[in-house]
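*Asks:* A structural model of the following input is requested.
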Amino acid sequence: MDAHEVNRARVQLALFVADVFASVPRKDQRAKGDCYLRGLMLDGRRKSIQPMAARLPDGNEQNLQQFVNQSTWDPVPVRRRIARRMVPQVGPAAWAVDDVSFPKDGRMSVAVAHQYCGALGKQANCQVAVSVHAVSDTASCPLQWRLFVPQEWADDPVRRRKTGIPDEIGHREKWRLALDTIDELARWGLVPPAVVADAGYGQNADFRDGLEHRSIDYVVAIRSDVTVHPHHLQPTAPAWSGNGRKPQPRYRDKPFSVAALAAGHGRQAFTDVAWREGSHGVMRSYFLALRVRPAGVKARRLAQAAATAQEGGWDGVLPEVTLLAEWPAGAEAPTDYWLSNLPADTPVAELVRLAKIRWRIEHDYRELKHGLGLDHFEGRSWTGWHHHVTLVTAAHAFLTEQRLAPKADTADSPSTRSSTPSKTC
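*Replies:* Residues are numbered from 1 along each chain as shown. Below you'll find the predicted structure:
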């Protein structure tokens with residue numbers, strides 16, 4: 001937004017801040033929140049505190065530094081209010097689980113480590129956060145964030161103390177952080193219509209099982225080497241002599257990789273499906289839905305544990321889900337795969353819509369990162385990082401509201417343009 005757009009939105013922004021930051025106890029802190037949000041939305045290449053303060057007529061670098069890095073206001077009630085306010089407006093078809101990385105120099109920024117950095121596409125020094133977003137075909141909004149704490153930080157009391165990581169926060173796998181976040185949102189009274197995720201989460205049988213145990217529908221991406229049994233195959237029990245432990249039923253046939261199973265049906269089995277209007281016309285491809293039973297040691301152990309918990313003997317039958325495969329025109333073989341626990345009679349078009357809906361958060365991440373400075377924070381502390389991420393979420397929520405408002409003119413709706421030169425109010 002340029003200076004004129006920011007000033008034109010001041011009344012709406014003041015009302016938004018009064019509602020979303022109502023839990024922040026002091027009036028001066030709420031005023032700084034309003035100022036910080038304007039700094040995030042105002043055009044400029046960098047959205048760290050010093051250049052933002054320089055662009056704002058009421059910008060005070062020292063005050064904003066204190067508000068973000070040292071002030072004790074709790075970001076969780078603010079995020080809760082944003083989530084409760086935005087979910088009805090977004091009208092999500094699903095919640096998307098994702099993670100985002102922040103490249104960093106040095107080793108003293110909170111939770112930084114040499115790990116896979118999606119922003120760079122390689123192992124690098126970075127922070128990683130797990131996020132859950134409400135997403136529809138037209139909008140998305142981050143609902144909650146969890147900063148991933150690598151094991152090296154869990155065992156480093158010096159860096160933990162310097163960056164202010166709470167004592168109760170330790171290392172926890174990303175898929176567990178995602179489930180923890182979904183549980184926290186449930187305590188806020190928010191329940192997902194379905195969950196979508198990329199293969200980093202969908203590949204994990206524990207994550208899928210966690211969603212299943214929470215009675216949450218999902219459509220999650222997987223890699224081509226995941227193995228499954230066709231749904232019609234049944235396990236059989238080996239002959240038992242009566243001596244020793246009775247053998248458990250097992251599938252006699254080796255499982256297929258999803259790539260081999262899908263390709264084995266031939267291109268003629270795939271259906272032409274369109275899922276949305278893209279910038280170059282209708283987006284469409286060819287898809288096949290098959291009922292399968294995920295195989296592997298982990299899947300077997302989880303199924304057996306579920307049967308034991310229900311105090312029933314396990315018959316060896318693995319749970320049944322839907323495999324969705326995509327074979328684009330011109331490709332020599334299927335290219336993408338998803339698993340879903342939606343009912344067996346769910347139309348293929350609906351499975352495809354949910355499988356592809358993550359495009360929306362990728363679109364909005366560009367605004368969060370490049371337009372609103374999600375990854376421009378230069379502080380090092382746990383408190384500062386969570387304050388900054390909460391404020392960026394609030395700025396994104398405000399802009400999303402403005403775009404979704406019936407009176408909004410698409411061409412002139414408030415937006416951010418990270419490539420626009422800095423302007424002075």
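*Asks:* all contacts plus neighbour counts: C-alpha atoms, from now on.
*Replies:* OK.
*Asks:* buried residues in the helix or strand bottoming out on mean pLDDT in the chain?
*Replies:* Within the chain, no helix or strand scores below helix 297-309, which has a mean of 82 by mean pLDDT, DSSP states H and E. Residues of helix 297-309 classed as buried by neighbour count (16 or more other CA atoms under 10 Å): A299, R300, L302, A303, Q304.
*Asks:* please name the nearest non-neighbouring residue to the second one.
*Replies:* In other words, R300. L318 (6.8 Å; CA to CA, 6 or more residues apart in numbering).
*Asks:* let me know the closest of the buried residues of helix 297-309 to G330.
*Replies:* Checking the buried residues of helix 297-309 against G330 with CA to CA, the nearest one is A299 at 34.2 Å.
*Asks:* for that closest one, what are its contacts?
*Replies:* By CA atoms under 8 Å, 6 or more residues apart in numbering, the contact set of A299 is A205, L318.
*Asks:* same question for R38.
*Replies:* With contacts defined as CA under 8 Å, 6+ apart, R38 is in contact with V6, L56, A395.
*Asks:* with distance to A113 and secondary structure as added columns, please give these in CSV.
*Replies:* Listed next are the contacts of R38 as CSV, based on distance: CA to CA, whole Å; DSSP: H, G, I helix; E, B strand; the rest coil:
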residue, distance to A113, secondary structure
V6, 37, helix
L56, 34, coil
A395, 28, helix
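*Asks:* got the CA coordinates for the helix or strand just after the least confident helix or strand of the chain in PDB?
*Replies:* Next along the chain after helix 297-309, taking DSSP states H and E as the criterion, comes strand 321-326. Extracted in PDB, the C-alpha atoms of strand 321-326 (Å, rounded to 0.1, in the frame of the first residue of the first chain):
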ATOM      1  CA  VAL A 321      -8.200 -45.000   2.400                       C
ATOM      2  CA  THR A 322      -8.400 -43.400  -1.100                       C
ATOM      3  CA  LEU A 323      -5.300 -43.000  -3.300                       C
ATOM      4  CA  LEU A 324      -5.600 -40.000  -5.700                       C
ATOM      5  CA  ALA A 325      -3.100 -40.000  -8.600                       C
ATOM      6  CA  GLU A 326      -2.500 -37.300 -11.200                       C
END
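*Asks:* which residues touch strand 321-326?
*Replies:* So strand 321-326 is contacted by 258, 262, 270, 285-294, 334-342, 344, 351-352 (CA under 8 Å, 6+ apart).
*Asks:* which among the residues you listed end up buried?
*Replies:* In terms of neighbour count (16+ other CA under 10 Å), the buried residues within the contacts of strand 321-326 are 258, 262, 270, 285-294, 334, 336-342, 351-352.
*Asks:* looking at the residues you listed, which are in strands?
*Replies:* Among those, the members falling in strands (DSSP state E) are 285-294, 336-340.
*Asks:* any low-confidence regions in the stretch 251-400 of the chain?
*Replies:* Within the stretch 251-400 of the chain, the stretches with pLDDT under 70 are 311-313.
*Asks:* residues in contact with V196?
*Replies:* In this structure, V196 makes contact with A94, W95, A96, V97, Y218, V219, V220, A221, L354, A355, R358, judged by CA under 8 Å, 6+ apart.
*Asks:* checking it next. Helix, strand or coil?
*Replies:* Put simply, V196 is strand when judged by DSSP: H, G, I helix; E, B strand; the rest coil.
*Asks:* residues touching N204, list them.
*Replies:* W175.
*Asks:* against A306, how distant is it?
*Replies:* Distance of N204 to A306, given as CA to CA, to the nearest Å: 17 Å.
*Asks:* swap in G164?
*Replies:* Using CA to CA, we find G164 at a distance of 40 Å from A306.
*Asks:* do the same with D98
*Replies:* Separation of D98 from A306 (CA to CA) stands at 27 Å.
*Asks:* same question, D2
*Replies:* The gap separating D2 from A306 is 56 Å, by CA to CA.
*Asks:* among the contacts of V196, which ones are in strands?
*Replies:* In strands, judged by DSSP E, the following of the contacts of V196 are found: A94, W95, A96, V97, Y218, V219, V220, A221.
*Asks:* could you identify which of the residues you listed has the most neighbours?
*Replies:* Counting neighbours by other CA atoms under 10 Å, the top entry in the ones in strands among the contacts of V196 is A96, with 32 neighbours.
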